[in-house]
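1. would you be able to build a 3D model of this:
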Amino acid sequence: MHALNLQPKNLSLAERLADLAVDALIDEADLSPKPALVDRRGNGAHTDLHLGLMHASALSLWPTFREMAEAAIEFDEIGLPLREAVGRIGREGEQAMLDTTGGVNTHRGAIWALGLLITAAALEPQSCNANSVAIRAARLALLDDRFAPRPLSHGAQVAQRYGARGAREEAQLGFPAVLHRALPQLKHSRAAGHGEQNARLDALLAIMTGLADTCVLYRAGEQGLHTMQSGAQAVLYAGGSASLAGRRRLHELDQQLIALNASPGGAADLLAATLLLDRIERDGILQGAF
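-> Numbers count the residues shown, from 1 in each chain. Prediction:
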């Protein structure tokens, strides 16, 4: 589906990419049952978020993603001018998100991750396998935006404290949690006939097994991180979310993380990135773009 373009029309490349990004955010929000995250069942470990707010936030970012893709098409090369244009557009998009949500941070990390991937895809739409897009995104992320505000986010503070990789480093390394964990697990679960929703849940769990999620570290420290990683691994070892044993383990993990007030928001952002890359790779982005 297209998130906003409900009437059939010819879409530009930038519009098509923006549709895919918003669809990925909405698909991630709707996926259920996610451990301690907002989904169709409820608010997880959050008191300030709900599914409707996540949808509204995602839709508010459509112009941001379109403008990032348009900037890539305009500059047509990886360099500081494009990096700083994308940074400015991202900060404006973050403000639009906060205006929509009444100041609640719903998708700050996703703006960074999906924005880089959208920009990278728009740079070379003929070369959009997941690895190629991630490499171009990493090259862009490695450039220093002179105009970026310097105060550390919660995630950056936690990354420094625990020596963990934050969202910035994950992007600069080419999204290893997505390429080496989530996408292989997604494809494996699909091939095993587990169904699309279970395959996506398994992809999320695969991210959680190895990610030093700064959202979890900020809210629950190292105990929360260990609970997340070991619990996610236990679900996959039990057969994944498509098995009865795996579902029992998933329910246990959900309850444990909620009790710790530990919500794996970083993993959720990377799942959205996974769904975006998967859609770009499987369906292409030139079809229907004129």
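2. next SSE downstream of the one helix or strand residue 225 maps to?
-> Per DSSP states H and E: residue 225 is located in helix 214-237. For helix 214-237, the succeeding helix or strand toward the C-terminus, using DSSP H and E, is helix 244-259.
3. just give me how far that following helix sits from the chain centre.
-> 22 Å (C-alpha atoms, centre = their mean, to the nearest Å).
4. quick one: list the elements packing against it.
-> The contact analysis (3 or more C-beta pairs under 8 Å, 6 or more residues apart in numbering; DSSP states H and E) places helix 244-259 against helix 214-237. All C-beta spots, glycine's among them, are computed from the backbone N, C-alpha and C.
5. got the angle between the helix holding residue 225 and helix 244-259?
-> Interaxial angle, helix 214-237 versus helix 244-259 (axes from the mean of the first three to the mean of the last three C-alpha atoms, to 10 degrees): 160 degrees.
6. what's helix 214-237 in contact with?
-> 35, 45, 154-159, 161-162, 164, 166-167, 185, 202, 205-206, 208-213, 241, 246, 249-250, 252-253, 256-257, 260-267 (C-beta atoms under 8 Å, 6 or more residues apart in numbering).
7. out of those residues, which end up buried?
-> Using 16 or more other C-beta atoms under 10 Å as the burial test, the contacts of helix 214-237 include 35, 45, 155, 158-159, 164, 166-167, 185, 202, 205-206, 208-209, 211-213, 241, 246, 249-250, 253, 256-257, 260, 262-267 as buried.
8. inside helices: which ones of those residues?
-> Using DSSP state H, the subset of the buried ones among the contacts of helix 214-237 located in helices is 155, 158-159, 167, 185, 202, 205-206, 208-209, 246, 249-250, 253, 256-257, 265-267.
9. ok, residue 57 touching residue 100?
-> Yes: the criterion here is C-beta atoms under 8 Å, and residue 57 meets it with residue 100 at 5.8 Å.
10. which residue is the nearest non-sequential neighbour of residue 265?
-> Counting by C-beta to C-beta, 6 or more residues apart in numbering, residue 265 lies nearest to residue 215, which is 3.7 Å off, once chain neighbours are set aside.
11. still on that earlier bit, more neighbours, residue 57 and residue 100?
-> Under the criterion of other C-beta atoms under 10 Å, the comparison of residue 57 against residue 100 puts residue 57 first, with 26 against 18.
12. no more questions from me, cheers.
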